[in-house]
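[1] Below: sequence and its predicted model.
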Amino acid sequence: MSRDSSDFTQFALTGVSEQPSWNEKSMTGTFIEPCGTETTFSGVAVELDRPSERHMVTEMGSKLCLYQRATFFLSLLGWVCSLVATMLQQWLIMNSDLVQTETFSIGIWETCVAQDDGPVQCKGYDSFLGLPDDIKLTRILMCTSIVLGLLGLFFSLSGSASITCFNNNETTKERLAVSGGIFYLLAGTTTFAPVTYIAHMTVVKFWDAAIPSFVPRWEFGPALFVGWVGGFFLLLGGLIQITSQCCFQKSMGNIQLKPPIVKRASWYKTEYV
């Protein structure tokens, strides 16, 4: 038999899985996966020896995903309440005994006078530097709370187990989730602090014995209650976010995880004569 003048080589690829790996899926962009659809650890597939371990990891991952989603919507509600409290004019209200039809209100941006049979008239503060120290500090802290809340929402969403981003790096997503919880705690604190301080000063002035009893007193406005609710939700969301993430990582540390088995491509050369 004579060998062909132009030899050629044929390569065959066998044993390659049809399912794309998580690395290939992450290159397609950011997408959302349902909770508990597959056995994943921070987005990375794992191989487990016993079915009981596989079920345990799936259940823990599903719970973590649900906790993260609940925390996100809870903190989002708290952030909205904090934003509403910042924009409201009724931080403090006062009803004058001399003029029953008028209600005065003080906010951190303007003061208003509301009449029962007329429109609400408001006037903004002329200068930031000329504001009282309590209003100036309250405005700064509330604006800081809004920025911190936005950062917390972004970081917690990026570190969620149901979101595929940043190449699904386990350490990166864990740090993002914990950072989001820390930002929630900071946002809740910067909301609670000015609201509680204004409420404390109002109570002190309300019961001041040096002020005659016939002089009208300032009382709590709706913005204080909205701010308390927003701060509570932000603090609660931050605590749940950090606690659930740390508990999940501790539980996963007790289970021996194995890297996924990837079938190698086997190449062979066939020569025809």
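    Done, it's in. Keep in mind the model is a prediction, meaning the values are calculated, not measured.

[2] Strands along this structure, start to end?
    Using DSSP state E, the strands found in the chain span residues 9-11, 31-32, 40-41, 44-45, 92-95, 102-106, 110-115, 120-124, 163-164, 219-220, 269-271.

[3] Lowest average pLDDT across these?
    In terms of average pLDDT, strand 9-11 trails the rest of the strands of the chain, at a mean of 39.

[4] For residue 220, give me its contacts.
    Neighbour list for residue 220: 92-93, 199, 202 [criterion: C-beta atoms under 8 Å, 6 or more residues apart in numbering]. No exception for glycine: its C-beta is placed from N, CA and C like everyone else's.

[5] top of those by neighbour count?
    Comparing the contacts of residue 220 by number of neighbours (other C-beta atoms under 10 Å), residue 92 comes first, having 22 neighbours.

[6] ok so, going back, so of the contacts of residue 220, which two are at opposite extremes in space?
    Spanning the widest gap among these are 93 and 199, at 12.8 Å by C-beta to C-beta.

[7] before we move on, the earlier item: closest to residue 78 among the contacts of residue 220?
    The nearest member of those to residue 78, counting by C-beta to C-beta, is residue 199 at 18.0 Å.

[8] wait, doesn't that closest one sit right on residue 224?
    Yes - using C-beta atoms under 8 Å, residue 199 makes contact with residue 224 at a distance of 5.6 Å.

[9] what's the nearest residue to residue 236 if we skip its chain neighbours?
    Leaving aside its sequence neighbours, residue 236 sits nearest to residue 74 (C-beta to C-beta, 6 or more residues apart in numbering; 6.3 Å).

[10] neighbours of the one you found, just the number please.
    If we define neighbours as other C-beta under 10 Å, then residue 74 has 19 of them.

[11] Please report the distance of the nearest residue to residue 86 once chain neighbours are set aside from residue 226.
    Counting by C-beta to C-beta, 6+ apart, residue 86 lies nearest to residue 142, which is 4.4 Å off, once chain neighbours are set aside. Residue 142 is 11 Å from residue 226, where distance means C-beta to C-beta, to the nearest Å.

[12] ok, residue 136 - how many residues close by?
    Residue 136 - counted by other C-beta under 10 Å - has 15 other residues nearby.

[13] dump the residue contacts of it.
    Counted by C-beta under 8 Å, 6+ apart, residue 136 has contacts residue 128.

[14] pLDDT wise, what is it at?
    94.

[15] Can you pull out the low-pLDDT segments for the chain?
    Flagging of the chain using pLDDT under 70 yields the residue ranges 1-61, 96-100, 162, 164-170, 249-273.

[16] Pull the number of nearby residues for residue 237.
    For residue 237, the neighbour count with other C-beta under 10 Å is 30.

[17] Spatially, what comes nearest to it if we skip its sequence neighbours?
    Closest to residue 237 by C-beta to C-beta, 6+ apart is residue 75, at 3.4 Å.

[18] I'd like the distance between that neighbour and residue 152.
    In terms of C-beta to C-beta, residue 75 sits 6 Å off from residue 152.

[19] shared neighbours, the two?
    The overlap between the contact sets of residue 75 and residue 152 (C-beta under 8 Å, 6+ apart) consists of 184, 234, 237-238.

[20] Go through those residues and name the one nearest residue 88.
    residue 234 (17.3 Å).

[21] From what I see, the closest one and residue 79 are in contact.
    Yes - between residue 234 and residue 79 there is a contact under C-beta under 8 Å: 6.7 Å.

[22] where do the contact lists of the two overlap?
    Taking C-beta under 8 Å, 6+ apart as the contact rule, residue 234 and residue 79 both touch 149, 152, 187.

[23] So which of these are in helices?
    149, 152, 187 (DSSP state H).

[24] which one of these is nearest residue 173?
    Set against residue 173, the nearest of these by C-beta to C-beta is residue 152 (15.3 Å).
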